[in-house]
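Engineer: Quick one: sequence plus predicted model below, questions after.
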Amino acid sequence: MSDDVLRELFDVIEDRKATLPEDSYTTSLFTHEKGENAVLEKLGEETTELLLAAKDDDREELAHESADLVYHLLVLLSMKGMDVDDLLAELRSRR
Ligand SMILES: N=c1c2ncn([C@@H]3O[C@H](COP(=O)(O)OP(=O)(O)OP(=O)(O)O)[C@@H](O)[C@H]3O)c2ncn1[C@@H]1O[C@H](COP(=O)(O)O)[C@@H](O)[C@H]1O
């Protein structure tokens, strides 16, 4: 996944956070009655689904669940007032 794809997705998430359109799944996470716990729970669920896909050697499902996990991770970073660049910088520093 290139930086561009991650940045574009993060920009959409930031836009949803700022404008809270009604028909948006991202909005539902930012406005959830459970607060931050809603996205934390989703990260747990998506991680479990990813592990099961890996265990089943289901590569298509593994890619699908990986994308779900990355999306929810970016929502969490946005909730915490962080930027996708914080993640990218950390990854780059490990090269
Ligand atoms: N990348 C995502 C993304 N990944 C996962 N999800 C949602 O996360 C939820 C995952 O929950 P579950 O695991 O329970 O999944 P599910 O409903 O059983 O279905 P599966 O995803 O497992 O097939 C689903 O409702 C997905 O739609 C996402 N929702 C939105 N995005 C991106 O965010 C953008 C903005 O979306 P909205 O906020 O909806 O406008 C979209 O254009 C997408 O680019």
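Structural biologist: Received, thanks.

Engineer: where do the helices sit along the protein?
Structural biologist: Secondary structure of the chain, counting by DSSP state H: helices at 3-19, 25-30, 36-55, 59-79, 84-93.

Engineer: show me where pLDDT drops low in this protein?
Structural biologist: Filtered on pLDDT under 70, the chain yields the residue ranges 1-2.

Engineer: The ligand contacts on that one?
Structural biologist: Residues of the chain lying near the ligand by C-beta under 6 Å from any ligand atom: 9, 12, 16, 24-26, 45-46, 67-68, 71. C-beta coordinates here come from the backbone N, C-alpha and C atoms, glycine included.

Engineer: Quick check: the farthest pair among those?
Structural biologist: Val12 and Glu45 (21.5 Å; C-beta to C-beta).

Engineer: Leaving out the residues flanking it, which one is nearest to Leu20?
Structural biologist: Of all residues not flanking Leu20 in the chain, Thr27 sits nearest, at 4.8 Å (C-beta to C-beta, 6 or more residues apart in numbering).

Engineer: Tell me who's in contact with Leu77.
Structural biologist: Residues near Leu77 by C-beta atoms under 8 Å, 6 or more residues apart in numbering: 10, 83-84, 86-87.

Engineer: Can you turn the buried subset of the residues you listed into a selection I can paste into ChimeraX?
Structural biologist: Selection of the buried residues among the contacts of Leu77 in ChimeraX, burial being defined by 16 or more other C-beta atoms under 10 Å:
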select :10,84,87
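
Engineer: between the contacts of Leu77, which is nearest Arg94?
Structural biologist: Closest approach between those and Arg94, by C-beta to C-beta: Leu87, at 11.5 Å.

Engineer: how much space between the closest one and His64?
Structural biologist: Distance of Leu87 to His64, given as C-beta to C-beta, to the nearest Å: 21 Å.

Engineer: got it, and Thr27?
Structural biologist: Thr27 sits 22 Å away from His64, going by C-beta to C-beta.

Engineer: for Thr48, same thing?
Structural biologist: Separation of Thr48 from His64 (C-beta to C-beta) stands at 14 Å.

Engineer: which residues are common contacts for those two?
Structural biologist: With contacts taken as C-beta under 8 Å, 6+ apart, not a single residue reaches both Thr48 and His64.
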